[in-house]
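Enquirer: model this:
(chains A and B)
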Number of protein chains: 2
Amino acid sequence: MKHALSVTREQDFAAWYQAVIAEADMAEDSGVRGCMVIRPWGYGIWERMQKLLDADIKATGHENCYFPLFIPLSYFEKEAEHVDGFAKEMAVVTHHRLIQQDGRLVPDPAAKLEEPLVVRPTSETVIGAAFSRWVQSWRDLPVLINQWANVVRWEMRTRMFLRTAEFLWQEGHTAHATTQEAVEETMKMLEVYRRFAEECVAMPVVAGEKPENERFPGAVSTYSIEAMMQDGKALQAGTSHFLGTTFSSAQNIRFQNAEGQQELAQTTSWGVSTRMIGGLIMVHGDDDGLRVPPRLAPYQIVVVPMLRDNDEDAAIIDYCAGLVAQLNALDVFREPVRALLDRRPAKAAGKRWGWVKKGAPIIIEVGGRDLAGGNVSVLRRDRLYREDGKLDSAILAKDDFVAAAPEMLEAIQQGLFAQASERLQANINRDVADLAALKAHFDASARPGWALVNWAKPTGAALDKVIEWLKGEKLTLRNVPLDAPAAEGACVFTGEPAVERVLVGRAY
Amino acid sequence: MKHALSVTREQDFAAWYQAVIAEADMAEDSGVRGCMVIRPWGYGIWERMQKLLDADIKATGHENCYFPLFIPLSYFEKEAEHVDGFAKEMAVVTHHRLIQQDGRLVPDPAAKLEEPLVVRPTSETVIGAAFSRWVQSWRDLPVLINQWANVVRWEMRTRMFLRTAEFLWQEGHTAHATTQEAVEETMKMLEVYRRFAEECVAMPVVAGEKPENERFPGAVSTYSIEAMMQDGKALQAGTSHFLGTTFSSAQNIRFQNAEGQQELAQTTSWGVSTRMIGGLIMVHGDDDGLRVPPRLAPYQIVVVPMLRDNDEDAAIIDYCAGLVAQLNALDVFREPVRALLDRRPAKAAGKRWGWVKKGAPIIIEVGGRDLAGGNVSVLRRDRLYREDGKLDSAILAKDDFVAAAPEMLEAIQQGLFAQASERLQANINRDVADLAALKAHFDASARPGWALVNWAKPTGAALDKVIEWLKGEKLTLRNVPLDAPAAEGACVFTGEPAVERVLVGRAY
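Expert: Below is the predicted model of the structure:
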């Protein structure tokens, strides 16, 4: 069976990933170091993610705001741990004017900023400063806000969607009167992310707490959702942080409590980024390109008229336009169906394979014979081939297809999730008893998946030693799953009595 | 009559503008030079603008993309006129790391960029570079794209929404095979902006061509929509540029035409920004705060229960919740109605005036007497007071109000537009015969509005002389309206035979 991409997942997963992005017209190198151009199909998927996640964020009581791109250095200086985490990778604005010099443009030495500005890598500091203005009394709490924005982290090794110097995300920031409320908020948003990943992206995830060494700089505790890519590696797809009073003390977010005393607010932050698109590709893509879950597909059903430059063409186009109108009048997932008539002058076979590579969930082809019989040819992107290796194109009566379309889209969404869930569950080794077994597990296969192991939650130097060993094996601790069974026996790393279970794996 | 703001439009228009922004919780200074924080009510209006304008942009065949925030200096060097227009106000990134020095954070001298990066002031150069990759043949044209993004222009004097160092906008960029197509695109998007301003923002505008001196740097021709603020000044609320081959020659956007020859593409660009929110405030605001046109209001109808801390409270809240559910099930302007139950613990009168200042189109109050009678008290923000100066609150049967609500919202939308249109038309002086009369017109009043005058369309030095004179009077040429009557007689500036009519006015 010949596939639409020039490289398969089996041959070279990293090259396959780049090929999907290129062949599905999702994104490309921009020529600007570490920055990509997100093209319409990739951006369309992001717009769908934004729409669905934004509704969840608003439904949980948050309001959108917009805060400055630039952050003065003095804001960072107030929180040492936060600075340590980000100082190495910040883009710094130092001048506000250019002049010509020897025929080249250069920053004008006379227009040097008194205080350099950082391009936000994340906005705790500048949003904390706003919160300190907004919060005076317990009556002003909680403050529940979110922003959709671009951020910049000067990464040395970049990879499209997964790690780019500039990326797009949402960052939620909240302030509360009590620790309990702030922790509840942290967990609530982790759950919002889990549901979004599973129900919209059809990407099963493990929600859990990050170990100490993987915490967000300045956080008291960090939680993540971790997804398994088809090469067995983990992708951290969203994080939720309980920040305690780290930023409220740095930015002076104080309130008078009901008893008249001054207290520091408890804050949280949480974010999901365009990285999620990288996850979508590596969870659902196959050797013919991307497969987009219907809830996220910019177009769920693409109708391709098979034209022959003859008298019948106009009738075929009319028939297709009628079909698209019928489909767009339907609802699925409580939204209108998104169907597209692909009128471009290109050849039908080229268009079909273009949509296969882009991963449109359902591709409909209509030729003269379909027109005559009142039929359509239906190709489901989630099951492209029959067992004999031929394309699994089914001929259905047009009205039967229309009636079945919403259910078919739901079945595709569920099918993609089921397939990924099965893979996730099948690739977590829960039977690793000690360090030798752990090493053996990861040495045994090129795509070993993860191991869920008993662990004693060491801290400080003991944790450093574990991390050092893991580094040598190119492994990382992902998280302590919220729903893991209770620990039993000895920690695989330290031999001490285990207190919980932690996921170990290679990661992006 | 006492108003909700501490300053009236009549007393001090600039102070009134700031008061509306503050009292309606729209935005505030961020502490970062020239950058503001857009708060939920202001950002909610921007989200509504985005939603409606984005639909228009997509309906005219454009797709959204995302391009890098940073632009290498070398991209700018290719287009001299463009550089001249923006070099004086660009934020320049020169370093990619910070280090500690004497207890302060400073840019790391060892992490200086080889080529400084500019924070985009507009994206013609970086998008042109992408177009040059995408366009090879006439079959690749037209390219029709748009992006929603933040941009930075280092303005020395900033004013919230109107002129900020960072602002949010959409910028459309297109490439075409022929001049005619590109000019048609330029005019099509000008018309999209005109309709958006008038139908959604309820802000009447004059669409026309900018004079030579007001063109976008690098444009062959620039068109704008100009709105009149309540102080008679003009606000340029959107622009559409025909760029000819300026950027295609700088960025090498070439295609093989149907005859096999290489040609440069013809490009356009067009943008609308958060400045539109400043226009909305200055067109519709009154001495009690903002008035948001219903199509743009984050909440169109706000329901305030009048609670008394007694047994009846629960029944009042139920009644209000039922009302909100009834309203949200209705459609208006082909979208669901947006009604909100304001459950905050604050006092009802304070909440009422909060919503008046924010400009919610309809405010409903429900107390014990309304509950008993099955009624609601209705306050329309567009007609707050009766002739005797008392609040014009009407008691309606609840179900009658529900049935009438969509029409009431439509009436408010139309009423705001009609009021602004009348003011615009009444404040354009079309009878100015010569320079002395022009000067007299603008000297006669503190809020003289505009003059539409005959003009000979001078260029070069002759135009410079006109601009010089206008500058002395603090006047500007706004645009040559597309729908102005034909010119007749002599140009008011040069005395030469007039060829068209140009709008003159003070401007933001």
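Enquirer: So, low pLDDT: which residues of chain A?
Expert: Regions of chain A meeting the criterion pLDDT under 70 cover residues A:1.
Enquirer: Identify the single longest helix in it, thanks.
Expert: If each helix of chain A is counted by residues according to DSSP state H, the longest one is helix A:398-426.
Enquirer: Contact partners for whichever residue of the stretch 201-350 of chain A sits closest to chain B?
Expert: Nearest residue of the stretch 201-350 of chain A to chain B, counting by Cβ to the nearest Cβ: A:Pro345, 7.7 Å away. All C-beta spots, glycine's among them, are computed from the backbone N, C-alpha and C. Residues counted as contacts of A:Pro345 (Cβ atoms under 8 Å, 6 or more residues apart in numbering or on different chains) are B:Arg139.
Enquirer: Please apply the same query to A:Ile428.
Expert: A:449-452, A:503.
Enquirer: Restricted to strands, list the residues you listed.
Expert: Those of the contacts of A:Ile428 mapping onto strands are A:450-452, A:503, per DSSP state E.
Enquirer: of all these, which comes closest to A:Leu73?
Expert: A:Leu503 (37.4 Å; Cβ to Cβ).
Enquirer: out of everything not next to it in sequence, what's closest to the closest one?
Expert: Computed as Cβ to Cβ, 6 or more residues apart in numbering or on different chains, the closest residue to A:Leu503 that is not its neighbour in sequence is A:Arg478, at 4.0 Å.
Enquirer: The one you found touches A:Val504, doesn't it?
Expert: Yes: with contact defined as Cβ atoms under 8 Å, A:Arg478 reaches A:Val504; the gap is 7.0 Å.
Enquirer: more neighbours, these two?
Expert: A:Val504 (28 against 25; other Cβ atoms under 10 Å in any protein chain shown).
Enquirer: out of everything not next to it in sequence, what's closest to A:Lys457?
Expert: Spatial nearest neighbour of A:Lys457, excluding adjacent residues (Cβ to Cβ, 6+ apart): A:Val499 at 5.2 Å.
Enquirer: Could you verify that A:Trp353 is part of a helix?
Expert: Yes: counting by DSSP: H, G, I helix; E, B strand; the rest coil, A:Trp353 is found in a helix.
Enquirer: hmm, back to that, got a winner among the contacts of A:Ile428 for most neighbours?
Expert: Tallying neighbours with other Cβ under 10 Å puts A:Trp450 at the head of these, with 25 neighbours.
Enquirer: residue contacts, it?
Expert: A:Trp450 makes contact with A:228, A:232, A:234, A:427-429, A:478, A:503-505, according to Cβ under 8 Å, 6+ apart.
Enquirer: Show residues contacting the helix or strand A:Pro116 falls within.
Expert: Assigned by DSSP states H and E, A:Pro116 belongs to strand A:112-119. Identification of contacts with strand A:112-119 by Cβ under 8 Å, 6+ apart yields A:69-74, A:76, A:90-96, A:151-152, B:32, B:69, B:91, B:93, B:95, B:98, B:106-107, B:119.
Enquirer: Could you give me the buried positions within that strand?
Expert: By 16 or more other Cβ atoms under 10 Å in any protein chain shown, the buried positions in strand A:112-119 come out as A:113, A:116-119.
Enquirer: do stretch A:488-495 as well
Expert: For stretch A:488-495, a neighbour-count test (16+ other Cβ under 10 Å) marks A:490-494 as buried.
Enquirer: SS state for A:Val432?
Expert: For A:Val432, the assignment made with three-state DSSP gives coil.
Enquirer: repeat for A:Ala175
Expert: Secondary structure, three-state DSSP: A:Ala175 is strand.
Enquirer: wouldn't it be in contact with A:Trp138 here?
Expert: No: here A:Ala175 lies out of contact with A:Trp138, judged by Cβ under 8 Å, at a distance of 11.1 Å.
Enquirer: Among the contacts of strand A:112-119, which are located in strands?
Expert: A:70-72, A:92-95, A:151-152, B:93, B:95, B:98, B:106-107, B:119.
Enquirer: Derive a ChimeraX selection command for the buried subset of these.
Expert: Selecting the buried subset of the ones in strands among the contacts of strand A:112-119 in ChimeraX, with 16+ other Cβ under 10 Å as the burial test, is done by:
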select /A:70,71,72,92,93,94,95,151,152 /B:93,95,98,107,119
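Enquirer: Of the ones in strands among the contacts of strand A:112-119, just say which sits nearest to B:Ala397.
Expert: Closest to B:Ala397, out of all of the ones in strands among the contacts of strand A:112-119 and judged by Cβ to Cβ, is A:Val151, at 52.2 Å.
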